[in-house]
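Student: Got a sequence here, can you build the structure:
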Amino acid sequence: MDFSLRVNRKQIATNSSPYRDQQFQHICSLRTRFQRQGLPILSVDSN
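Tutor: Below is the predicted model of the structure:
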């Protein structure tokens with residue numbers, strides 16, 4: 001088998017989805033709903 005090593009590297013997004021703000025608003029509303037119901041909220045940060 002022929003394998004090669006690859007390096008993970010960050011890329012700067014040059015074009016973003018026109019719906020990006022709507023996506024974040026949706027996530028925010030879900031988070032608020034979960035908080036009101038006393039449900040746990042997980043936050044994941046990836047670099």
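Student: Now stretch 10-26: average pLDDT?
Tutor: Averaged over stretch 10-26, pLDDT sits at 84.
Student: Okay, now it: how far is its last residue from its first?
Tutor: One end of stretch 10-26 to the other measures 26 Å (C-alpha to C-alpha, to the nearest Å).
Student: Next: stretch 4-11.
Tutor: Rule used - C-alpha to C-alpha; the end-to-end distance of stretch 4-11 is 21 Å.
Student: Check the offset of that stretch from the chain's centre.
Tutor: Offset of stretch 4-11 from its chain centre (C-alpha atoms, centre = their mean, to the nearest Å): 20 Å.
Student: show me where the chain has strands.
Tutor: Counting by DSSP state E, the chain forms no strands at all.
Student: Could I get the full set of helices for it?
Tutor: 20-36 (DSSP state H).
Student: Check the burial of residue 27 by counting its neighbours.
Tutor: Look at residue 27: counted by other C-beta atoms under 10 Å, it has 10 neighbours. Using the backbone N, CA and C atoms, a C-beta is placed for each residue, glycine as well.
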